[in-house]
Each structure stands twice: as structure tokens, then as C-alpha cells.
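Undergrad: how would this look folded up:
(one chain, ligands or ions: 1)
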Amino acid sequence: MSVPGLGRLLAAEIRERLASTTINIGSDGRSDVALFTVDHAAFSRIGDLRLAEDVFVEVGRTLRSEGDHPRWIVNRIWKRARIERALALWRQQSRRGRGATYRVVTRVQSERAFRRTDLRRELEAAIAHSQRNWKQADPAALEVWITEYARGQFVAGLRLSSAAMRQHKGRAIERRGALRPTVAAAMVRLAGKGGQLLDPCCGSGTILLEATNVGWDVFGMDIDSRSVKIARSNVPTARVEVADVRSLPFDANSFDACVSNLPFGRQFRVDEPIEHWLSKATHELSRVTRVGGRLVLLTPVLPTSILPEALTLRHETHIRLLGIPTVIWGLERDDQSLA
Ligand SMILES: C[S@@+](CC[C@H](N)C(=O)[O-])C[C@H]1O[C@@H](n2cnc3c(N)ncnc32)[C@H](O)[C@@H]1O
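TA: Numbers count the residues shown, from 1 in each chain. So this is what the prediction gives:
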């Protein structure tokens, strides 16, 4: 599962890291869901995925939206041979023994045909019948999720990950307003491969850390000296200084990529109308990025009319963060004059 809107990028990461070829992307409304197949060797590397918020081993799924009824769905999915196979993989990954406390998590796209709690109860009844030594608890050692990954189609899986997967290791100091690490990882992925990378509004350094982990040489700037201190302590190998993105202390063509979660909204106000601010920031970032280099910017609105001529918009990835829509803009610095 990924942040809503990142499913296609997660699929690309799965293909690359785990050599999976069969990937089906859906959404349950709260997360994008990528269903995929891997061999045993790749299964042990499943925790390496940087864009996934959670990973599961599948028990089963329904393929058609037929007989929209909780009992029918559970009967199709919760079958002894499949449960045993999924449990063996769950034990291997979680290193837990037999006998488990469990809880069921249910997600449906709408409650038109039946209520979410009806599906949960039906699955709990099936589990009580097939796994007599399991006890319900919350929190529980084993989480069984059943989710509507496409209209009328359900998949159930055993959760392999904990919250640690989406938090990524490394940030000693957390700060309010910090970016989700899986989104930072997606942005770094869109920046291409290696070289010198600048985050000019780096905050606590989430993007710098993700970029460092995949081999970029990183520089961070922030107008706020407390953020600079936090970023330095979170990413000791980064060079981090106080600076204003509208006037950066670098020569033209210094960076292979500029990747940033720009200030917006109530938490990070800017000191002039946002369009003026964005225009100055993008002109300055265009100047310090080399020809052919990339800018990857997270901000809800980026009118093309304010962009410098030297930047070409290559792609937009629409995502939702805590339910709020926003966009990752992918731009390329081309060979035109900087005027
Ligand atoms: C959305 S936050 C970045 C959060 C960061 N990605 C993280 O994970 O902690 C935006 C940052 O932009 C900084 N900022 C605001 N105006 C700036 C400017 N003119 N130049 C540089 N940084 C600025 C703020 O201090 C804030 O740290």
C-alpha cells in the first residue's frame, strides 16, 4: 500500500527492486494498492521498498464484483490451503511462532451494498472457525486486512510491516509538518539517478535523508535557522545552511537536481503573494540546475504562466496527504536562455 496517488511509482519500484512482472494497481480510497507476485529470493527483500507504507502477504482475492455479500466474499478468500501458505510466509518474515493474537482491519470503498463492520464480523467468524487457537486482541501480533482494492473486488492479506516501514530509519529529530518519508522517497526517485542534489526548503531534512540513502550528494537550505540545526543533526553527511530559496549562494548550473517540499498552507506561510514567491523560487532553482537536470517540487498549485522559460513541465503526480490533495511537479531544465 502507498500514499494515494503513488501507486504507479510504487509499481515501478517493485519492478526494479523485486523483479516482479505481474503488478495490478488499485485503490481502496485511503491508499493505493499494488498487487504483485515475487519469487522467494525477492520476498526476503520486501522490506526494502521505500515507497510502500505497508506490505502484506496475500491470502486471497475476489476478481469480479459479483454477489456483493460479506459471506460470499469471505468464503471465496478465507480458504485453508491459502491461509497456511500465507501464514508460513508471515512467520518467516515476522519471525513469530505459532499461536497468535489477531485483529481484523476492513476497508470498503462505499457502504452501499453492506456495512464495513458486517464484512469484519464475517471474517472474524471465519477465522474463529478455522483457527481455533487464535485470540482477538488490539494491538495484536497478526493483523488480517481485507480491503476493496477496486470497485466490488476484495483482497485479504496478513500484514508483514509495522509503522517502522513508513517512518524509515534515521531521523533522530521529528518535526511538525515534516514530509512523509515514502513521499520524499518518491520525489527523489523522480529526480533520476545520483549526482548533486539540493533541497532549498529542507525543513528537518526528510528529502535529504532519502536522497543520501540512494547515493546522492546532498545540500540543504532553509530560511529558518532552527530547521537548519535539525536537518544537520538528522543528516550529518549533508551540507546545510541558512538561505532564502529566492536568492541562493550557488553558481549557475551547480546541481543535477533540486527536490523540495515547498512551504504552503497555514503552517508555513510565505511573506508575499504565493504566485510571486513561486515565480522567484522557480527562477532561482532553474538558474542553479544544470541543463538536463530535474526539479521535483511538491506544492498544490504551480501555474505554468509563472515558470521561467528554461523549465519544461514533464509530469504531474496527484497525491493526497492526510486527505488533502496536492501535486508533485516534475520539471526539466532545458537549454534556453535564463532571461
Ligand atoms: C513544508 S516545509 C518542509 C518540510 C520538510 N520537507 C521536512 O520534511 O521537514 C517548508 C520549509 O520551507 C522553509 N521556507 C519557507 N520560506 C523559505 C524561503 N524563502 N527560503 C528557504 N526556505 C523557506 C520553512 O522554514 C520550512 O522549513
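Undergrad: quick one: what helix or strand has the closest residue to residue 146 other than its chain neighbours in it?
TA: By the measure of CB to CB, 6 or more residues apart in numbering, the closest residue to residue 146 outside its immediate chain neighbours is residue 156, 4.3 Å from it. Every residue, glycine included, has its C-beta placed from N, CA and C. The secondary structure element spanning residue 156 is strand 153-159 (assigned by DSSP states H and E).
Undergrad: Next, count neighbours for the closest residue in space to residue 306 that isn't next to it in sequence.
TA: The spatially closest residue to residue 306, leaving aside those adjacent along the chain, is residue 279, at 4.1 Å (CB to CB, 6+ apart). Counted by other CB atoms under 10 Å, the residues lying close to residue 279 total 18.
Undergrad: Surely residue 215 touches residue 196?
TA: No - contact criterion CB atoms under 8 Å: residue 215 and residue 196 do not qualify, at 11.4 Å.
Undergrad: List phi and psi for the closest residue to the ligand within the chain.
TA: The ligand sits closest to residue 203 of the chain, with a gap of 2.7 Å, by CB to the nearest ligand atom. Recorded main-chain torsions at residue 203 are phi 50, psi -130, according to degrees, to the nearest 10.
Undergrad: That one: what's it in contact with?
TA: 175, 177, 178, 179, 222, 227, 230, 231, 261 (CB atoms under 8 Å, 6 or more residues apart in numbering).
Undergrad: 10 Å instead, please
TA: Each residue near residue 203 by CB atoms under 10 Å, 6 or more residues apart in numbering is listed here: 175-179, 220, 222, 224, 226-228, 230-231, 234, 260-261, 263, 268.
Undergrad: just checking: which of the residues you listed also lie near the ligand?
TA: Contacts with the ligand within the contacts of residue 203, counted by CB under 6 Å from any ligand atom: 175, 177, 178, 179, 222, 224, 227, 261, 263, 268.
Undergrad: and the fourth one, what element?
TA: Yep, that's residue 179 we're talking about. Secondary structure assigned from DSSP H and E places residue 179 in neither a helix nor a strand.
Undergrad: hang on, it packs against residue 210?
TA: Yes - the pair residue 179 and residue 210 qualifies as a contact (CB atoms under 10 Å) at a distance of 9.2 Å.
Undergrad: where's residue 15, which helix or strand?
TA: In the assignment (DSSP H and E), residue 15 maps to helix 7-18.
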